[in-house]
Every structure is written in structure tokens, then in C-alpha cells.
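Peer 1: The following block contains a protein sequence and its predicted model.
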Amino acid sequence: MQLFAKPLSASLLFASMVFFYYGIDWLNYARAGKLILTGAPTIGLLLALFYRRQSSRWLITLYVLVTIVLFANLSFQAGLRDIFGVEQDEMMIMKSIFGTDAQESYEFVLQYKPYLLKHLLLFLVLSSSFLFLTIRPMNRSVTSISNKILLVWIALFITGHLDKSIRKSNPLVFFPYFYMEYRQELNELHALTDILKKNLDSNTLSQVKYTGEHRRNTVVWVIGESSTKYNWSLYGYERDTTPMIKRIEKSLLVFHEITAAAPITIPAFEKMMTQADKAHPDLWKKTPSIIQLAKQAGYHTYWISNHTTDAHSGITYIFAHQADDVVMTNKGKARGEGSYDESVFPAYQKALRDPYEKKLIIVHLLGSHPAYNFRYPKSYAIFTGTYDDAVAKTLLDRGRAKWAVTFRNLYDNSIRYGDYVRYTLLSLLQQSRESSHASWLYHPDHGEDVCHHNNFSGHNPQAKEQWEIPMLFWASKIPKIDTTQSYDLENIGSSILGLLKIDARSYHAEKDIFLRR
Ligand SMILES: [Zn+2]
């Protein structure tokens with residue numbers, strides 16, 4: 001026992017616990033290495049100081065606190081990799097942590113309860129046994145440590161923190177660091193909004209021209225959430241998830257090879273709304289958005305949203321608020337139930353009725369975003385409790401847990417409800433006065449992995465289901481084009497400008513899907 005209280009033994013014990021996570025692949029070798037390089041010397045140094053100062057009370061308090069933080073961080077890192085297959089360094093993770101509201105956190109906890117409980121339990125077991133093993137012997141044997149050994153620990157600690165990328169994996173450094181970065185990004189966004197406003201009359205925008213033959217033109221752009229084509233019966237899924245759209249399939253263009261611009265919401269929007277793409281991910285800061293271009297060309301613009309992220313700060317907030325009319329239908333507070341996507345219908349109908357000659361109506365839905373059970377009213381709980389149809393049987397035969405199949409059932413309910421929402425949005429347009437001069441485009445921001453590969457359900461950038469998505473198009477005059485061509489949604493901006501009949505620097509004919517025959 002006494003052995004573990006020595007600084008070296010304690011830091012080795014910490015390292016072996018990090019190794020345990022590495023062994024079960026919840027940390028990659030780089031992350032494990034960084035955690036050991038920063039954590040082990042921190043523990044060693046604190047214990048060395050403790051022995052040097054002959055058991056000072058505040059040092060032991062500090063030791064306990066730091067140990068808890070180190071282990072909490074270990075669980076956090078392991079959880080990120082276990083649940084999402086990503087690392088903390090990715091700004092998107094920090095954005096979602098700091099930018100999230102109570103409702104999103106609540107839904108997150110619901111969605112990932114088994115994972116969170118597992119990691120919480122491991123955290124409690126590992127940190128308490130570590131503290132037990134390293135603190136208990138101290139009371140009995142306080143042997144002093146020489147200056148030389150203390151200096152070695154100080155040197156180890158400093159060496160471990162010399163490199164910036166390693167230093168950032170110390171939780172005491174990275175949380176403040178990323179928080180500052182996040183705040184800075186927020187400030188930049190505010191500054192950016194001002195700059196974008198000022199730039200409205202600059203070169204790029206001054207060359208914007210409406211080139212349509214008719215005075216009237218209405219473009220409806222419906223953007224969904226987390227919808228993979230693999231769960232649409234329209235694309236061959238065994239469950240009847242898209243019966244309404246299937247009925248009118250012949251009057252639409254159904255695209256088969258569409259790839260999301262990014263596997264998560266924010267980066268996808270940055271690319272769809274501006275000229276940014278995977279090769280130039282920062283261009284959204286420098287190029288005008290579709291909404292600004294449309295306004296410049298004389299369009300009245302709408303952003304009608306049931307999506308909670310549009311109501312916060314962040315780039316979707318900026319895009320949304322560039323529109324002339326902004327309607328946020330999701331008043332979601334602590335719980336996410338109740339704001340179903342049909343809540344956009346009244347504002348949408350009003351937009352269709354408005355007398356403007358040229359309209360761009362963007363509708364942003366919550367679609368099939370986790371937690372799936374909050375995305376549809378009770379009457380659409382069609383697959384709930386289904387464990388014996390072809391889909392469920394195949395999944396269970398492949399060894400999926402019953403709870404994983406439950407997630408699949410809830411997800412398919414949300415797709416089926418989404419079918420009703422999409423069908424209604426299209427019919428309302430077709431029944432309106434706009435129908436003679438309108439076009440309607442639907443696609444989600446990205447797909448979703450819903451126990452397609454194992455028990456996991458959620459955003460999984462490694463899965464093809466996260467990237468391969470449905471896309472539907474209807475217009476007063478439907479162009480003849482090849483719907484089996486592959487197309488990346490990072491180029492959708494040019495297609496929208498094409499529909500808007502806008503000639504601008506941002507328009508690239510070769511990226512316009514409606515010109516590819
Ligand atoms: Zn999304």
C-alpha cells in the first residue's frame with residue numbers, strides 16, 4: 001500500500017488507468033499519450049510537494065481536486081470517442097458544449113443515457129480507488145523527499161507542458177482555453193454580422209442581377225435534419241416510412257446520389273449558404289450568403305424555423321436573421337416535446353400569401369434530430385413496439401440490442417411524420433397562387449446512423465448513412481435532368497441561385513445541378 005503513495009508509483013498508477021482506456025479503444029494513442037504526459041507529472045509533482053512540505057492540508061485538498069478533474073476529463077475524452085468517435089480538439093465539440101441550451105442538454109442525456117451511465121460509473125470507480133490507494137497510506141508514513149527529487153518532478157511537469165498541443169490536453173488548460181476561443185468566435189460573429197452588413201453594397205453584391213424573364217418567382221428551400229436516405233421507403237427501405245411522397249413520386253425529381261456538405265449542422269450550413277466548401281471551409285466569412293444575394297436581387301426573403309439552433313447565437317442565427325421575415329416557431333424551454341415541425345405551417349402559408357413578386361422562403365425543420373421520440377405526435381408512433389417485422393428481425397438477428405431497435409423504431413416514426421410535413425409543405429405551395437411560377441427543393445442538412453452498424457444511434461461521421469441523404473425537387477416547369485448523378489451539397493448554393501435566376505459572382509453554372517442534363 002505504502003508503495004502507491006510515492007509520487008512515482010501514483011503517477012504510474014494514473015498512467016496505467018489511462019492505458020486501460022487505450023486498451024479498450026476509448027482513447028487513441030495520441031490522446032492517451034497526451035493525457036499521461038500532462039496528468040502523470042501533475043500527480044507526481046503534487047505528491048512530491050506534499051511529502052516535501054510534511055503533509056500540508058491545502059496541498060492534499062488541491063491533490064484531491066486535481067485528481068478528480070483529471071479523472072473526469074479521462075471519462076469525458078473516453079466518452080467522446082466511445083459515443084461520437086471524435087476528439088475534444090474539434091471546435092465543433094466545444095461549440096456544442098458551450099452553445100447548448102437546457103433543452104438540448106436534456107435531450108442529449110435522454111438519448112445517450114446508457115453511455116453516460118457507463119462512463120459515470122467508471123469515473124466513480126476509477127477515481128475513488130485511485131484516491132483510496134494514494135491517500136490512505138499518507139497518514140501513516142510521511143517520509144520527506146529530497147530537493148533533488150522535487151526538482152525532477154518540477155522538470156517533468158514543465159516538460160510535459162512545453163508543447164502547446166500537449167498542454168491543451170490538460171483539462172485545467174483546455175476548458176478555459178476553448179471557452180476563450182468560443183467567446184472569441186462569438187465576438188467575431190458579431191463583428192462579422194456588422195462587416196457583412198457594411199459589405200452589402202461592395203463589389204460582389206453590386207454585380208448581382210435578376211435575369212428571370214418573368215416578374216414573379218418563388219423559391220421554397222426546405223432544409224431538414226438528420227435524415228438518411230437509407231430509412232426512406234422511397235429509396236427502398238422495407239418499412240413504409242414515406243407513403244405520401246411515394247404517391248406523388250412521378251411528379252417530382254427524386255435524386256439518388258446526394259452527399260451532405262458536412263456530417264453535422266453548423267459546418268453543413270456554412271457550406272450550403274455560402275461559397276465555402278471542404279477545400280475552402282472559411283469562405284463563409286468572406287462571401288455573401290444566398291439570402292444576401294437574393295435580397296440584393298430584389299427578393300423578399302423568409303427564414304421560417306422550428307430548429308432551436310437558429311434562435312441562438314452562431315452562424316445559423318446570423319443566416320436566419322439576414323432574412324426580411326424571421327419566424328422561430330420552437331419556443332422550446334426545458335423540454336423538447338410539443339414543437340413538431342407542422343408548427344411552421346401557419347408562417348409558411350402567410351409567406352405564400354404575401355404579395356411580393358419575388359420570394360425566397362427558407363424552411364428549417366427539426367426533422368429527425370435526436371431525441372427522436374420528441375419529433376412526432378402520438379398518432380405517428382407507427383413503428384413503436386415493432387420487434388417482429390423484417391427490419392427489426394434483421395437487426396435482432398445481427399445481434400442488435402432490443403433498446404437499439406427501439407431507437408430505430410422511434411427514428412422511423414420521425415421519418416414517417418417528416419413525410420407528412422414535406423408532403424404538406426409541397427401541397428400548400430401547389431395549391432397557392434404561386435404554383436405557376438414556383439420551385440420547391442427539399443434535403444436534410446445531413447443523415448444519421450441509427451444502429452445501422454452496431455447499437456449506436458446518433459451523428460456518426462464514419463457511417464455512410466450520415467452522408468448519403470434524400471433530395472426532392474418540384475417546380476412549375478420541371479427540367480429534364482439526370483437524377484442519378486452524384487452531387488455534393490456544398491455546391492447547392494449555385495443551384496439555388498440558378499432557381500432564383502440570379503447572376504452573381506457566387507454563381508457557378510458547372511455547380512448548378514439543374515443545368516446538368
Ligand atoms: Zn443537423
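Peer 2: Done, it's in. In this text the structure is predicted, and so the values were computed from the model without any measurement. Numbering: from 1, shown residues only.

Peer 1: quick one: low-confidence parts of the stretch 151-300 of the chain?
Peer 2: 196, 198-203 (pLDDT under 70).

Peer 1: Show me where the stretch 251-400 of the chain has its strands.
Peer 2: 253-259, 300-305, 325-328, 358-364 (DSSP state E, counting those that start in this stretch).

Peer 1: Reformat the ones you listed as CSV; add mean neighbour count and distance to R422.
Peer 2: No exception for glycine: its C-beta is placed from N, CA and C like everyone else's. Below are the strands of the stretch 251-400 of the chain laid out as CSV (neighbours: other C-beta atoms under 10 Å; distance: least, C-beta to C-beta, whole Å):
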stretch, mean neighbour count, distance to R422
strand 253-259, 18, 12
strand 300-305, 24, 14
strand 325-328, 18, 18
strand 358-364, 26, 10
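
Peer 1: Dump those to JSON lines, plus distance to the ion.
Peer 2: JSON lines is the format used below for the strands of the stretch 251-400 of the chain (distance: least, C-beta to the ion, whole Å):
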{"stretch": "strand 253-259", "distance to the ion": "15"}
{"stretch": "strand 300-305", "distance to the ion": "13"}
{"stretch": "strand 325-328", "distance to the ion": "17"}
{"stretch": "strand 358-364", "distance to the ion": "10"}
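
Peer 1: Export those strands to JSON lines and append columns for distance to F407.
Peer 2: Output for the strands of the stretch 251-400 of the chain, formatted as JSON lines (distance: least, C-beta to C-beta, whole Å):
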{"stretch": "strand 253-259", "distance to F407": "24"}
{"stretch": "strand 300-305", "distance to F407": "25"}
{"stretch": "strand 325-328", "distance to F407": "28"}
{"stretch": "strand 358-364", "distance to F407": "24"}
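
Peer 1: Could you find the closest non-adjacent residue to the residue in the stretch 201-350 of the chain that the ion sits nearest to?
Peer 2: Closest residue of the stretch 201-350 of the chain to the ion, C-beta to the ion: T265 (3.2 Å). The shortest distance from T265 to any non-neighbouring residue, by C-beta to C-beta, 6 or more residues apart in numbering, is to D445 (5.2 Å).

Peer 1: what's near enough to touch that neighbour?
Peer 2: Contact analysis of D445 by C-beta atoms under 8 Å, 6 or more residues apart in numbering lists 223-226, 260-262, 264-265, 268-269, 272.

Peer 1: The longest helix along the chain packs against which elements?
Peer 2: Using DSSP state H, we find that the single longest helix of the chain is helix 402-431. With contacts taken as 3 or more C-beta pairs under 8 Å, 6 or more residues apart in numbering; DSSP states H and E, helix 402-431 sits against strand 217-224, helix 243-247, helix 345-353, helix 390-397, strand 438-444, strand 449-450, strand 457-458, strand 468-475.

Peer 1: List the contacts of the last one.
Peer 2: Going back to what we said before, that points to strand 468-475. Contacts of strand 468-475 (C-beta under 8 Å, 6+ apart): 227-230, 232, 234-235, 245, 251-255, 257-260, 422, 426, 429-430, 438-444, 446-447, 487, 489, 499, 514.

Peer 1: which stretches of this protein have low pLDDT?
Peer 2: Those would be 1-5, 55, 84-96, 98-104, 137-143, 196, 198-203, 311-314, 331-338, 517, if you go by pLDDT under 70 across the chain.

Peer 1: Centroid-nearest residue for it?
Peer 2: In the chain, the residue lying closest to the centroid (C-alpha atoms, centre = their mean) is I264, at 3.8 Å.

Peer 1: got the contact list for that residue?
Peer 2: When contacts are counted by C-beta under 8 Å, 6+ apart, I264 touches 92, 445-446, 459, 461.

Peer 1: one more time with 6 Å
Peer 2: Shown in contact with I264 (C-beta atoms under 6 Å, 6 or more residues apart in numbering): H459.

Peer 1: What backbone torsions are found at it?
Peer 2: phi -130, psi 160 (degrees, to the nearest 10).

Peer 1: is it true that Y423 touches M244?
Peer 2: Yes: counting by C-beta atoms under 6 Å, Y423 does reach M244; the two are 3.8 Å apart.

Peer 1: before we move on, back to that, give the buried subset of the contacts of strand 468-475 as a PyMOL selection command.
Peer 2: In PyMOL, this line selects whichever of these come out buried by 16 or more other C-beta atoms under 10 Å:
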select buried, resi 227+228+229+230+232+234+235+245+252+253+254+255+258+260+422+426+429+438+439+440+441+442+443+444+446+447+487+489+499+514
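
Peer 1: before we move on, the earlier item: would you indicate which residues of the longest helix of the chain are buried?
Peer 2: Going by neighbour count (16+ other C-beta under 10 Å), the buried part of helix 402-431 is 404-426, 428-429.

Peer 1: Around the ion, which positions in the stretch 301-450 of the chain sit nearby?
Peer 2: D445 (C-beta under 5 Å from the ion).

Peer 1: any idea how far the residue of the stretch 201-350 of the chain closest to the ion is from W284?
Peer 2: According to C-beta to C-beta, to the nearest Å, T265 and W284 sit 14 Å apart.

Peer 1: Same check on T406?
Peer 2: 38 Å.

Peer 1: swap in E342?
Peer 2: 31 Å.

Peer 1: of these two, who's got more company?
Peer 2: Between E342 and W284, W284 has the larger neighbour count (other C-beta atoms under 10 Å), namely 23 against 18.

Peer 1: Within range of the ion, give me the residues from the stretch 151-300 of the chain.
Peer 2: So the stretch 151-300 of the chain meets the ion at 225, 265 (C-beta under 5 Å from the ion).

Peer 1: where's Y115, which helix or strand?
Peer 2: helix 113-140 (DSSP states H and E).

Peer 1: how far is that helix from where the chain is centred?
Peer 2: Centroid displacement of helix 113-140 relative to its chain, using C-alpha atoms, centre = their mean, to the nearest Å, is 31 Å.

Peer 1: That helix: which residues count as buried?
Peer 2: Those would be 115-116, 118-119, 122-123, 126-127, 130, 133-135, 137-138, for helix 113-140 by 16+ other C-beta under 10 Å.

Peer 1: Distance to the ion added to those, as a markdown table?
Peer 2: Shown next, in a markdown table, are the buried residues of helix 113-140 (distance: C-beta to the ion, whole Å):
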| residue | distance to the ion |
| --- | --- |
| Y115 | 20 |
| L116 | 21 |
| K118 | 25 |
| H119 | 24 |
| L122 | 29 |
| F123 | 29 |
| L126 | 34 |
| S127 | 34 |
| F130 | 38 |
| L133 | 44 |
| T134 | 44 |
| I135 | 45 |
| P137 | 51 |
| M138 | 50 |
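
Peer 1: and those as JSON lines, adding distance to V66?
Peer 2: Shown next, in JSON lines, are the buried residues of helix 113-140 (distance: C-beta to C-beta, whole Å):
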{"residue": "Y115", "distance to V66": "26"}
{"residue": "L116", "distance to V66": "23"}
{"residue": "K118", "distance to V66": "24"}
{"residue": "H119", "distance to V66": "20"}
{"residue": "L122", "distance to V66": "19"}
{"residue": "F123", "distance to V66": "15"}
{"residue": "L126", "distance to V66": "15"}
{"residue": "S127", "distance to V66": "11"}
{"residue": "F130", "distance to V66": "12"}
{"residue": "L133", "distance to V66": "16"}
{"residue": "T134", "distance to V66": "12"}
{"residue": "I135", "distance to V66": "13"}
{"residue": "P137", "distance to V66": "19"}
{"residue": "M138", "distance to V66": "15"}
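
Peer 1: Pretty sure Y22 sits against A32.
Peer 2: Yes: distance between Y22 and A32: 4.0 Å, which falls inside the contact criterion (C-beta under 6 Å).
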